[in-house]
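Colleague: Below are the sequence and a predicted model; questions follow.
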Amino acid sequence: MNAPVANKVTQLSIWRALNAALRDAMAADPTVFLMGEDITSWGTGGGIYGVTRKLVDEFGPERVRNTPISEEVIISAGVGAAMRGSRPIVEIMYSDFILLGMDAVINQAAKARYMFGGQFSVPMVLRTNQGSGMGKAGQHSQCLETLYAHIPGLEVITPGTSDDAYGLLRSAVDSPNPTIFLEHKALYNERGPVTYEKIPIGKAKIAREGKDITVVATQMQLHRALAAAERLVAEGIEIEVVDPRTIAPLDTNTIIASVEKTKRLLVVHEAHQLFGWGAEVVCQVIEGCGSALRSPPRRLGGKHAPVSYAEAMEQAVMPSVDEIIAAVKASVGR
Amino acid sequence: MDLATQGVEALRMMSVIREFEARLPAFSEAGLIRGSTHPSVGMEAVAVGVSMNLQPQDAIASNHRGHAHCIARGADLGKTLAEIFGRSDGYCRGHGGSMHLGVKELGILGTNGVVGAGIGLATGSALSAKLRGVNEVSVVYFGDGATNQGILAESLNLAAIWSLPVVFVCENNQYAQSTPLKSTVKEQRLTLRGEAYGVPSYDVDGMDVAAVYQLARDVVERARSGGGPSMILAECYRYLGHMAADTEIYRQKAEVESWKNRDPIATFAIRLREGGFLDDAKFTALQKDVTAAVDAAEAFAKAAAMPTADQAMQHVIAAE
Ligand SMILES: Cc1ncc(C[n+]2csc(CCOP(=O)(O)OP(=O)(O)O)c2C)c(N)n1
């Protein structure tokens, strides 16, 4: 459990990168504390997916707090603590359960700065896992980032790689704004390099360069878009993959710059396609550089059904690599 | 409460709140107030009796009927009224109004438009105090209606298991909007709600400022010295409608009048006189002071600048 050495790149799974970010954030700032259900005592001592593993051993039960099953007060108390000078990192066991504390998120956290005329900050991080792919079905699999992105006052972060997980979580803790930090449960064991640098909130990343089409994608769909890009090389199609990394604020500039180059756009996300954030990206691109487009922009999102349990049906409701390839080909006219 | 040293101050504060609140309906009619305001006329003793035990570093969370809580906590009358009028010189620059009125420098975590929401915020404020290792007590005021919100159960339990320095103050003014408590609660002994979670809970006559003060002194002291949370159930009554344009078909005039016989200000003034702590001259002077203070607030608020449309996008989110 040694502190990571700065500037040293390590290969880490996403959950370990998050664990390192939590540890470094707590070591850097004594006002940071964690609370959530079973975060010290489950599995190997780190909550439902192990992200808080052993932090209680290092920082003690005052700063790493196991809570009762009371989502409404856990989130609400996080807001109150943040308004009084603490930096709470609240873990909710599954994204679906934030819904029990939605008043605290939308009516309290998101609005405290505004309603009180700028007097208060709410530097709270609300962490949870979202996403399907593990047979958790309807109430344990939803990608709900669009709900939060709709609300002024919130930052919404959706990391898809280990480095982004580390760097964005560190920035989320530093942020004076309430931050919804959505980890993808099926990516926790995905490994990648970690630089231990903080990554600014609201900056997209070009995950792969290409010239034929811009594919905007996050989390699981980022990895599927990259897989699609790999497969399409053989057919002579070069995909540029842009990972916005944060849905709010959304880095439209980077997306538009990419589309100005490729002249084509496909947005892919696991969140439901209907009224999803992909439509927002498409619209902003049309408003920003619509005349540059050579084919109609497209989006590909989760189907308009809850996440199913049985594997074939579960996979059917979220975009697959094959569907991404088909959508890309339709866009580029092949 | 030591009537000799604190009695007149308690009377003055209750009278200021009464005068302030009593003017609101006319301001609404005159179009100076938009939306909903909920006056506390009749309920002044609770906020005053509790607040007199608080220290500058303490925090309060309030509800939709929150002007009294803020004023008793020391909020400037002019800036409070200016906020209720939606002016730039209000505490929240006109962004909040009556139901979203916070004052950071006084530890006021806001009145609140959501019934029960302040309960969780105060619980978190108390958690923050504990973690920061500072001697701050958090108080939350809520109505009898809020006792049926789940957040109270969750907060009582969390405060109890973590021994948080928070005081839950329920102002039981008998009605939630138009609905009497007895029609929404089978077990009328609300203290049992707190006791069930291990939070010591006490009934008090909320029309008696000295009684509220005395109880609040004990439970605030308990919280301050690490003894954990408590709950106060203060029986009181609101004289005015729930908000403007309340037809009040849910209660009898006679009921309102009978509560007025227990008026927290009139009865307390008599007590001070009988104890020799107040005479005609002092009382007249106090009333003049009170009127002058609220007059000044009214003048300030009426003269305060109106926000302009371009300020609507300010303070949405902190810039990086
Ligand atoms: C969550 C929620 N539900 C309903 C309302 C509408 N509402 C505002 S005040 C009120 C009554 C509250 O009663 P109580 O808590 O007893 O406080 P009182 O008004 O009596 O002071 C209601 C129903 C609201 N503001 N918030």
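Modeller: Looks like it arrived, so ask away.
Colleague: ranges for the strands of the chain?
Modeller: Using chain A. Along chain A, counting by DSSP state E, strands occupy A:10-13, A:32-36, A:64-66, A:87-92, A:125-130, A:155-157, A:179-184, A:191-194, A:205-208, A:213-217, A:239-243, A:246-248, A:265-272, A:298-302.
Colleague: Sorry, I should have been clearer: chain B.
Modeller: B:59-61, B:138-143, B:166-172, B:175-176, B:179-180, B:201-205, B:230-235.
Colleague: Please produce CSV containing these, extended by mean pLDDT, mean neighbour count and distance to B:C92.
Modeller: In short, each C-beta sits where N, CA and C put it, glycine included. Shown next, in CSV, are the strands of chain B (pLDDT from 0 to 100; neighbours: other Cβ atoms under 10 Å in any protein chain shown; distance: least, Cβ to Cβ, whole Å):
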stretch, mean pLDDT, mean neighbour count, distance to B:C92
strand B:59-61, 98, 30, 15
strand B:138-143, 98, 30, 19
strand B:166-172, 98, 29, 23
strand B:175-176, 96, 20, 26
strand B:179-180, 95, 14, 30
strand B:201-205, 98, 18, 32
strand B:230-235, 98, 25, 27
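Colleague: And the ones you listed: which comes nearest chain A?
Modeller: The closest of these to chain A is strand B:59-61. By Cβ to the nearest Cβ, the value is 6.3 Å.
Colleague: Quickly check: that closest one near the ligand or not.
Modeller: No: using Cβ under 6 Å from any ligand atom, strand B:59-61 never reaches the ligand; the gap is at least 13.4 Å.
Colleague: Need the residue closest to the centroid of chain B.
Modeller: Geometric centre of chain B, nearest residue: B:H69, 2.8 Å, by Cα atoms, centre = their mean.
Colleague: what residue lies at the spatial centre of chain A?
Modeller: A:T158 (1.2 Å).
Colleague: count of neighbours near the closest residue to that one other than its chain neighbours?
Modeller: In space, and not counting its chain neighbours, A:T158 is closest to A:T218: 4.6 Å by Cβ to Cβ, 6 or more residues apart in numbering or on different chains. If you count neighbours by other Cβ atoms under 10 Å in any protein chain shown, A:T218 ends up with 31.
Colleague: follow-up on the earlier one: got the contact list for the residue nearest to the centre of chain B?
Modeller: Contact analysis of B:H69 by Cβ atoms under 8 Å, 6 or more residues apart in numbering or on different chains lists B:A47, B:S51, B:I60, B:S62, B:I108, B:T111, B:Y141.
Colleague: The fifth one pairs with what?
Modeller: Each beta-bridge partner of B:I108 is listed here: B:I60, B:V103, as defined by DSSP bridges.
Colleague: what pLDDT does the residue nearest to B:V316 when sequence neighbours are not counted get?
Modeller: Excluding its sequence neighbours, the residue lying closest to B:V316 (Cβ to Cβ, 6+ apart) is A:P152, at 5.0 Å. Looking at A:P152, its pLDDT reads 98.
Colleague: Kindly report the same for B:A122.
Modeller: Reading off the model, B:A122 has pLDDT 98.
Colleague: Next: A:T44.
Modeller: Note on A:T44: pLDDT of 89.
Colleague: do the same with A:N2
Modeller: 47.
Colleague: try the one 3 residues further on
Modeller: At A:V5, the model reports a pLDDT of 53.
Colleague: and if you look at A:V268?
Modeller: You'll see A:V268 listed with a pLDDT of 98.
Colleague: mind listing what it touches?
Modeller: The neighbours of A:V268, taking Cβ under 8 Å, 6+ apart as the test, are A:215-217, A:221, A:224-225, A:278, A:299-301, A:319, A:324, A:327.
Colleague: which of those residues are close to the ligand?
Modeller: Checking the contacts of A:V268 against the ligand (Cβ under 6 Å from any ligand atom), there are no matches.
Colleague: any chance of these in JSON lines, plus neighbour count?
Modeller: Formatted as JSON lines, the contacts of A:V268 follow (neighbours: other Cβ atoms under 10 Å in any protein chain shown):
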{"residue": "A:V215", "neighbour count": "33"}
{"residue": "A:V216", "neighbour count": "31"}
{"residue": "A:A217", "neighbour count": "28"}
{"residue": "A:Q221", "neighbour count": "32"}
{"residue": "A:R224", "neighbour count": "23"}
{"residue": "A:A225", "neighbour count": "31"}
{"residue": "A:G278", "neighbour count": "26"}
{"residue": "A:R299", "neighbour count": "21"}
{"residue": "A:L300", "neighbour count": "24"}
{"residue": "A:G301", "neighbour count": "24"}
{"residue": "A:P319", "neighbour count": "24"}
{"residue": "A:I324", "neighbour count": "25"}
{"residue": "A:A327", "neighbour count": "20"}
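Colleague: now, of the strands of chain A, which is deepest in the fold?
Modeller: Greatest average neighbour count among the strands of chain A goes to strand A:213-217 (a mean of 30), per mean count of other Cβ atoms under 10 Å in any protein chain shown.
Colleague: mind listing what it pairs with, with the direction of each?
Modeller: strand A:239-243 (parallel), strand A:265-272 (parallel).
Colleague: Tell me the spacing between the nearest residue to A:Q130 once chain neighbours are set aside and A:E72.
Modeller: In space, and not counting its chain neighbours, A:Q130 is closest to A:S95: 3.7 Å by Cβ to Cβ, 6+ apart. Counting by Cβ to Cβ, to the nearest Å, the gap from A:S95 to A:E72 is 15 Å.
Colleague: Which of those two has more residues huddled nearby?
Modeller: A:S95 (26 against 23).
Colleague: Report the separation between B:L127 and the ligand.
Modeller: 23 Å (Cβ to the nearest ligand atom, to the nearest Å).
Colleague: just A:L126 next, same as before
Modeller: 21 Å.
Colleague: what about residue 76, neighbour count?
Modeller: Because you didn't say which chain, this covers chain A. By other Cβ under 10 Å, 31 other residues sit near A:S76.
Colleague: Actually, chain B is the one I wanted.
Modeller: 15.
Colleague: Likewise for A:S291?
Modeller: When neighbours are counted by other Cβ under 10 Å, A:S291 comes out with 5.
Colleague: Many thanks, I have nothing further to ask.
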